[in-house]
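>>> heads up, no residue letters with this:
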């Protein structure tokens, strides 16, 4: 394990030799890969609860990296990211070891529920776990000790909860140098800085000396191909940065903003119950005073229409998908941007809009 307070490890050539990856009950030698169904608990019938794990151990030395998903059983986008990296990518030139955990919360995945069914516990508030504790903590302990602790860094994939959606962004403790390096290497436009809640995999792994980031992308219960592809680009960029695929290049996203305590940010919440007509989507730039949505009753009576405006200029990171609310329900997650970031974002959007107009224009529009 690397100490996150030290300088990043040297990822260049060395005289080291690749070593076997070992876990409780098995071993994967350099140049080999293995698909494992690893038992982390038992059912009422005494049958094992097993999680799928793929270990790819490169012939050359390098960092050990974990990719994890579905700590919440209904969050599916990350599953496909991890599966494609594990099984569709060419790892013949891999430097280091790759630990792929596509479905950590198997009971929740089978029930298509966020939490562990029956126990109603959040697996992603249970790390690093404890051997003699609750069911959730025992599961977390088995995952953490066997497949997280041996690693040098990690990426944990999530989506928003049901009824909401997130633009792709990274959450990371940017005060830790290697975590910051990892977060920037993933090449998302937005990084939200912070330690994360107690018991989350990224926080507890980072505290244990394994720099880890969370990637948020999209919504629950869906595969969203564009977001999956964007996340795959991020993984490839991380592999290039940390020497796993040394012949690859780190990707630059075009612009980047790091949201910390100095930035304005808020979850805008409904002040009235009703039916929401959302005027803006995830990833959209809004100016102070612009309409984000309206809330109406079933009769759409004009006197009862509530207009929700942006309290400041910023970027919509997360947004409501389920168009019904009680007072106090979240509508969107708005974050402020620096002037330089605003300029870069507006330039990018103007360029994209111009390209779209060129593609949609017919021959008569341009005299062809």
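Structure received. Quick caveat, the model's predicted, so the values are computed rather than measured.
>>> could you check the pLDDT of residue 359?
In this model, residue 359 is scored at 61, pLDDT.
>>> not counting sequence-adjacent ones, nearest residue to residue 35?
The shortest distance from residue 35 to any non-neighbouring residue, by C-beta to C-beta, 6 or more residues apart in numbering, is to residue 54 (5.3 Å). Quick note: C-beta positions are derived from backbone N, CA and C, even for glycine.
>>> and the host helix or strand of that neighbour, which strands flank it?
Taking DSSP states H and E as the definition, one finds residue 54 inside strand 48-57. Applying DSSP bridges to the sheet, strand 48-57 is found paired with strand 33-42 (antiparallel), strand 95-101 (antiparallel).
>>> I'd like the average pLDDT over that strand.
98.
>>> what's the offset of it from the middle of its chain?
20 Å (C-alpha atoms, centre = their mean, to the nearest Å).
>>> in a helix, that's where residue 124 is, yeah?
Yes - per DSSP: H, G, I helix; E, B strand; the rest coil, residue 124 lies within a helix segment.
>>> ok, it touching residue 203?
No - Residue 124 is beyond contact range of residue 203, at 9.9 Å (criterion: C-beta atoms under 8 Å).
>>> list the contacts for residue 138?
Neighbour list for residue 138: 40, 41, 129, 130, 131, 132 [criterion: C-beta atoms under 8 Å, 6 or more residues apart in numbering].
>>> name the helix or strand for it, please.
Taking DSSP H and E as the definition, residue 138 sits inside helix 135-143.
>>> just give me how far that helix sits from the chain centre.
21 Å.
>>> before we move on, what about stretch 64-76?
Distance, centroid of stretch 64-76 to centroid of chain: 9 Å (C-alpha atoms, centre = their mean).
>>> show me which residues of it are buried.
64-76 (16 or more other C-beta atoms under 10 Å).
>>> kindly report the same for stretch 136-148.
Per 16+ other C-beta under 10 Å, stretch 136-148 contains these buried residues: 136, 137, 138, 139, 140, 141, 142, 143, 144, 146, 147, 148.
>>> re the thing from before, among the strands paired with strand 48-57, which is nearest residue 154?
Closest to residue 154 of these is strand 95-101 (C-beta to C-beta; 8.1 Å).
>>> so for the next helix or strand along the chain from the closest one, what gets flagged as buried?
Using DSSP H and E, the helix or strand that follows strand 95-101 towards the C-terminus is helix 106-111. Neighbour-count burial for helix 106-111 flags 106, 107, 108, 109 (criterion: 16+ other C-beta under 10 Å).
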